[in-house]
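K.L.:
here's a sequence, model it:
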Amino acid sequence: MADTVTDLLRLPEGPVDLTSLDPHGKPGFRGKKAAGKKALAALGPRLADLQERLYAESRGGQDRAARSLLLVLQGMDTAGKGGTIRHCIGLVDPQGVAIAAFKAPTEEEKRHDFLWRVERRAPGAGMIGIFDRSHYEDVLIARVHGLAPDVEIERRYDAINAFERRLVESGTTVVKCMLHLSRDEQRDRLLTRLDDETKHWKYTPADVDERHRWAEYRAAYEVALERCNTPDAPFFVVPADRKWYRNWAVTALLVEHLERLDLQWPPADFDVAAERQRVAAS
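P.N.:
Residues are numbered from 1 along each chain as shown. Predicted structure coming up:
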């Protein structure tokens, strides 16, 4: 049996060396861009069906299930978190999706533990939740820029693992994707934004300053990936240099994880025949 995308992209346990992982690769896909786009479109109906089953399951009958799915997207600037959401999550009914983007914390959020604002945005029963950036910012940017003491950063890895374990134990499937982008591809994408006036709004001069810290970010990612790649919530490293592959791979991961839940349509909690007669007579 061929390996699934889940098998191919799952990060092995142990020390992580991102330089050994090809950001331009396409594990599990032999075709080129045109075929990749067709394959993504072909996954759409299946993903939409699974998402609707998940949503319906939590709302059917008295013994409602509490299952949900959380997609965590993490990556360097221009890795394509927003594009992934548009192309993958755009395939499903938006009423069953909740998106949260964690930027710099507000003053209120700073008065609480770093996970306070994150736990409040965890997906409810039947929902697909998406974190566009996530709680991992607090061990990535915080580590690179020295925004927290080393002892606090160390505490956060364990706190993240405990938080994700609680999610899984409460019925949430956690799919964590590190969008693995090369430094050269990031440069090209930043230049593209500068060359197109319709994309100037996406460009931030500070992104160039962050590029000078590329090695520091890579090291911070490697530590976070190693420390938080758990059996409960493993990491998937998705090559992100090819946008079409990135979109297909993340969508395939969602389909495979939802299929594992064996989602069933909830049975009616009313007499179908009697209701049919009532409707016909109305």
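
K.L.:
now do the contacts for Val144.
P.N.:
When contacts are counted by CB atoms under 8 Å, 6 or more residues apart in numbering, Val144 touches 213, 216-217, 220. C-beta: built from backbone N, CA, C; applies to glycine.

K.L.:
of these, buried ones?
P.N.:
Among the contacts of Val144, those classed as buried by 16 or more other CB atoms under 10 Å are 217, 220.

K.L.:
quick one: the strands in this structure?
P.N.:
Assigned by DSSP state E, the strands in the chain fall at 68-75, 97-101, 128-132, 172-180, 235-239.

K.L.:
let me have those in CSV, extended by mean pLDDT, distance to Glu259 and mean neighbour count.
P.N.:
Converted to CSV, those look like this (pLDDT from 0 to 100; distance: least, CB to CB, whole Å; neighbours: other CB atoms under 10 Å):
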stretch, mean pLDDT, distance to Glu259, mean neighbour count
strand 68-75, 97, 12, 24
strand 97-101, 94, 18, 17
strand 128-132, 96, 14, 22
strand 172-180, 98, 11, 23
strand 235-239, 98, 16, 24
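
K.L.:
save those strands as a markdown table, and put in distance to Cys88 too.
P.N.:
Below are the strands of the chain laid out as a markdown table (distance: least, CB to CB, whole Å):
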| stretch | distance to Cys88 |
| --- | --- |
| strand 68-75 | 8 |
| strand 97-101 | 10 |
| strand 128-132 | 9 |
| strand 172-180 | 10 |
| strand 235-239 | 11 |
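
K.L.:
in the stretch 51-200 of the chain, where is pLDDT below threshold?
P.N.:
61-65 (pLDDT under 70).

K.L.:
for it, just list every one of the helices.
P.N.:
Ranges of helices within the stretch 51-200 of the chain are 81-88, 107-110, 116-119, 137-144, 150-169, 183-195, based on DSSP state H, counting those that start in this stretch.

K.L.:
just send these back as JSON lines, with distance to Gln51 too.
P.N.:
Output for the helices of the stretch 51-200 of the chain, formatted as JSON lines (distance: least, CB to CB, whole Å):
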{"stretch": "helix 81-88", "distance to Gln51": "11"}
{"stretch": "helix 107-110", "distance to Gln51": "30"}
{"stretch": "helix 116-119", "distance to Gln51": "23"}
{"stretch": "helix 137-144", "distance to Gln51": "27"}
{"stretch": "helix 150-169", "distance to Gln51": "18"}
{"stretch": "helix 183-195", "distance to Gln51": "29"}
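
K.L.:
let me know which of those helices is the nearest to Leu70.
P.N.:
Closest to Leu70 of the helices of the stretch 51-200 of the chain is helix 150-169 (CB to CB; 6.4 Å).

K.L.:
for the closest one, which helices and strands make contact with it?
P.N.:
helix 137-144, strand 172-180, helix 214-227 (3 or more CB pairs under 8 Å, 6 or more residues apart in numbering; DSSP states H and E).

K.L.:
so which of those gets nearest Lys103?
P.N.:
Checking the helices and strands packed on helix 150-169 against Lys103 by CB to CB gives helix 137-144 as the closest, at 8.4 Å.
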